[in-house]
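Asks: Here is a sequence with its predicted model. Questions after.
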Amino acid sequence: MPHTLLIVDDEKHTREGLERVFEDDYDVYLAADAEEAFRLLESEAFDVVLTDLRMAGKSGMSVIDKALKLPHRPVCIMMTAYGNVETAVDAMKRGAYDFLTKPINIEKLEIIIKRALRSDRLAQENKQLHKRLDEKYQVSGIVGQSQRLVHVMEEVQQVAPSKATVLITGETGTGKEMVAQMIHQNSPRAHNNFVPVHCAALPANLLESELFGHEKGAFTGATDKRIGRFESADGGTLFLDEIGEIEPSVQIKLLRFLEEKTFERVGGTKPIKVDVRLVCATNRDLSAMVKEGTFREDLYYRLNVVNVHMPALRDRAGDVPVLMEHYIKHFAEENGFKPVRLSAAAMKALRVYTWPGNIRELRNLCESLVVIHRGGEITEHDLDPKFLGHEPHEHTHKPSHSNHKPLSFEESEQRLIRDALKKTKGNRTKAADLLKISRRTLHRKLQQWPELDVR
C-alpha cells in the first residue's frame, strides 16, 4: 500500500500543484484549512502531514499539535513563506521533522519526505525490537520451573539493576548468553547496546584489537583507525563469552579496565574512558586455571564479583517436558506445521537422558522432530537410539532388505536437505518450498552443515 500524505494549504493552486507531484507515489488527501485537516486526521491514519504555517483561521502549528497527539503519529513537515529561525525552531520543538520555505523546491521536498519516512520506519522497527527483546528476555519468560532455575532467576532479578560485574558459569549449551541478555534487559542499560564477543573464536592478536580497537598503522594491515567493542558498548553491556580462553596479554588490559575504567587502543597512548558493564561467561573452572597459572588471580576476583551458575539440563530433568513443549510449538509456528506429539514412553526416555549438549541439544532435537514428522506422534521407536540409552545394533532391529543401520534423525534431515538442494540445483528458496520449511530454517541448517550446500 502507498503511504498516505495530507497536504494542508489555504492556497488552492499550491494544494493541487503538490497533489499532482505526489499522487503517483502517495495516497494524497487535501485540506484547505486547519479545521478540515482536523476532520481528516480523526478519520484517516496518515504517514506524512505537509502543512502551511500561515493560513486563514488556525495556523499550521495547530495542525502539527493535533497530528502529534494521535496514536499513529505522522511525520510532520512545515511550509511557510515567512520562514525565519524562530519559526523553524518552534516547529521543530513541537515535533516537526523538517521545515521548508516557499517557493517550495520540489526535489528537496521529495528527498525530505523519503528520508522522514525511512527514519520513522527505522524508529518503529527499533521500538518493536526492544519490545520483542523485553518480552523474550523478561525474567518471568524463561522456560522451566525447577528449583535450581528459580534460584538463578532470583539472582538475575537481584543483580540486574546493579553495576556489578557478573560471571556466568555452566556447561556448554545451558543458556549462559540468554542469562546475560536477561541481565542487560532488566537493567537501567536496557535501551543501550548489548555487545557480545565470543573470545574463543578469535586469536589473541585479533581479540585485543576487537575488544579495544586500534589506531591507524598499529600493525600490518591496520590501514584505518578502528573502534573496538568496549567503545561500541559505551552506556550498555559488554558480554565476553568463553572468558577462560583469553591470552595473558589481553587479561592484563582487561584487568586495567576493571580497575581504572579506561583502556588504550592497540598502537595508541591516549586513555579512553567508557561506561560499560561487563558480564562474562565460561564453561571452564577459572579457579582451577588460577592454580595452574593460566588465568590471573587478580582478574578472576575482579570478574567473579557476582557468580550466576547455570545448572545442567540433567540436573533439572523435570523441566524437559516443559522445554520440549515450548520448542516444538516454536518451530511448528516458525515453519507453519502442526506440532508433533510425544508418547508417554518417548517423554520418559527423554527425561532420563543425560543431555550432554544441554538445552542446545534439546532445541535441535525439537526442530528435527517438527521438520521431519510434521504433526505426527513420536514414539520411543522414532527416537535416535542414543536417547534410549544405547547405540543401534543390527540385531536389535526387525529384518530388512537392507544391511544398513537405520538413519538417525540428524542423518535423515541431512539427506532430505541434500536431495532437495540437488533437485533444485542449489536454489535455496525452491529447496525450502520443497521441504515445506522456511528459508530461514534452511539457511540455519546450512550454517550448521555447510557441506550440504551444493552451490
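Replies: That came through fine.
Asks: Tell me where this structure has strands.
Replies: Taking DSSP state E, the strands of the chain run over residues 3-8, 26-31, 48-52, 75-80, 98-101, 166-169, 194-198, 237-241, 262-263, 272-273, 277-282, 306-309, 341-342, 377-378.
Asks: Any idea which of those strands has the lowest pLDDT on average?
Replies: Set side by side, the strands of the chain give their lowest mean pLDDT on strand 98-101, at a mean of 84.
Asks: list the helices and strands that strand packs on?
Replies: In terms of contact count using 3 or more C-beta pairs under 8 Å, 6 or more residues apart in numbering; DSSP states H and E, strand 98-101 is assigned the packing partners strand 75-80, helix 85-93, helix 106-137. In short, each C-beta sits where N, CA and C put it, glycine included.
Asks: Check which residues of stretch 227-247 are buried.
Replies: Neighbour-count burial for stretch 227-247, counted by 16 or more other C-beta atoms under 10 Å, picks out 228-231, 233-234, 236-246.
Asks: Same check on stretch 444-455?
Replies: Across stretch 444-455, burial judged by 16+ other C-beta under 10 Å covers 445-446, 452.
Asks: Looking at those, which is nearest Ile104?
Replies: The shortest distance between Ile104 and any of the buried residues of stretch 444-455, using C-beta to C-beta, involves Leu446 and amounts to 51.1 Å.
Asks: give me the low-pLDDT residue ranges for this protein?
Replies: Flagging of the chain using pLDDT under 70 yields the residue ranges 1, 82-85, 88, 125-141, 390-409, 454-455.
Asks: Look up phi and psi at the residue lying farthest from the centre of it.
Replies: Relative to the centre of the chain, and counting by C-alpha atoms, centre = their mean, the farthest-placed residue is Ala56 at 49.6 Å. For Ala56, the backbone dihedrals (degrees, to the nearest 10) come out as phi -60, psi 140.
Asks: is it true that it touches Asp9?
Replies: No - counting by C-beta atoms under 8 Å, Asp9 is not a contact partner of Ala56; they are 10.9 Å apart.
Asks: Identify the residues contacting the closest residue to Ala233 other than its chain neighbours.
Replies: Closest residue to Ala233 apart from its sequence neighbours, by C-beta to C-beta, 6 or more residues apart in numbering: Val195 at 4.0 Å. Applying C-beta atoms under 8 Å, 6 or more residues apart in numbering, one finds that Val195 lies in contact with 229, 232-233, 236-239.
Asks: Which pair in these has the greatest spatial separation?
Replies: Looking at the contacts of Val195 by C-beta to C-beta, the two members farthest from one another are Ser232 and Phe239, with 11.9 Å of separation.
Asks: want to try JSON lines for the buried residues of stretch 444-455, with distance to Leu299 as columns?
Replies: Below are the buried residues of stretch 444-455 laid out as JSON lines (distance: C-beta to C-beta, whole Å):
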{"residue": "Lys445", "distance to Leu299": "39"}
{"residue": "Leu446", "distance to Leu299": "39"}
{"residue": "Leu452", "distance to Leu299": "42"}
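Asks: Looking at those, spot the one nearest Ser187.
Replies: Nearest to Ser187 among the buried residues of stretch 444-455, counting by C-beta to C-beta, is Lys445 at 34.4 Å.
Asks: so what's the closest one closest to, chain neighbours aside?
Replies: The spatial neighbour of Lys445 that comes closest, neighbours along the chain excluded (C-beta to C-beta, 6+ apart), is Ile417 at 6.0 Å.
Asks: Test my guess that the one you found contacts Ala432.
Replies: No - applying C-beta under 8 Å as the test, Ile417 and Ala432 come out as separate, 9.6 Å apart.
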